[in-house]
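J.: Need coordinates for the below:
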Amino acid sequence: MNRALTLSAAALAFAGMLAGCATPPESGSVYSAYQTQNEQTVRLGTVESVRNVTIANPDSGTGTVAGAALGGLGGSQIGSGNGSAAVGILGAVAGGIIGNRLENKANNRPGFEITVRLENGELRSVTQLADEMFRPGERVRLLSNGYTTRVTH
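T.: Numbers count the residues shown, from 1 in each chain. Predicted coordinates:
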C-alpha cells in the first residue's frame, strides 16, 4: 500500500513536470496561436548593442517534488524497518535537492538584450531568446502588439 502511494506520487510529480515544460517561448521567431491575425505596430531602427543574458523561467517546484518522490522511493528500498524509513527520508531530501537543481538548470536559456535606436532617436531595449543573431549597425524592425515586443530582421 505504501509503495503504491509512493509510485502514484512519483507519477503525479512527473506529469506536473511535463506540464511545466509547456511554457511559451520568448523567441522573436515563434508566434503562439492567439498572436496570429492581430495587428502589430512596426517601428524601424538600428541595433545599438547586443548583450548576452540568461532567461530564467520561474521554478514550478516539480523538479523538487519528482526528485524527492524518486529519492524517497529508492531510499526506502534499502534496509528494513526503521533503517529503511531513515534512508527513505534521506533519499527524499537528497532527491529533492538534486531535482531542484536540475529544474533550475533546465529552465535557464541563453538570450539577447537588444538595444535599438528608433528613427525618432529614442532607445528601446528588448530581451528575447538568442535564436537569431543581431549586430550593432544592423537595420531591424520592432514589432509590438501592446503587450509584447520582438526584434526581427
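J.: mind showing which ranges of this protein have poor pLDDT?
T.: For the chain, the stretches flagged by pLDDT under 70 are 1-27, 34-35, 37, 58-77, 79-96, 99-106.
J.: repeat that for 80
T.: Applying pLDDT under 80 to the chain picks out residues 1-37, 57-107.
J.: Show me where it has its strands.
T.: In the chain, the strands defined using DSSP state E lie at 41-56, 108-118, 123-129, 139-144, 149-152.
J.: Of those, which stretch is the most buried?
T.: strand 149-152 (a mean of 20; mean count of other Cβ atoms under 10 Å). C-beta coordinates here come from the backbone N, C-alpha and C atoms, glycine included.
J.: Tell me what the residue nearest to T46 when sequence neighbours are not counted is bridged to.
T.: Distance criterion Cβ to Cβ, 6 or more residues apart in numbering; nearest residue to T46, sequence neighbours excluded, is R117 at 5.3 Å. Beta bridges link R117 to T46, L123, judged by DSSP bridges.
J.: Give the full set of residues in contact with R117.
T.: Applying Cβ atoms under 8 Å, 6 or more residues apart in numbering to R117 gives the contacts G45, T46, E48, L123.
J.: before we move on, back to that, so which of the strands of the chain is nearest V30?
T.: Minimum separation from V30 across the strands of the chain (Cβ to Cβ) falls at strand 123-129, 8.2 Å.
J.: elements contacting that closest one?
T.: strand 41-56, strand 108-118, strand 149-152 (3 or more Cβ pairs under 8 Å, 6 or more residues apart in numbering; DSSP states H and E).
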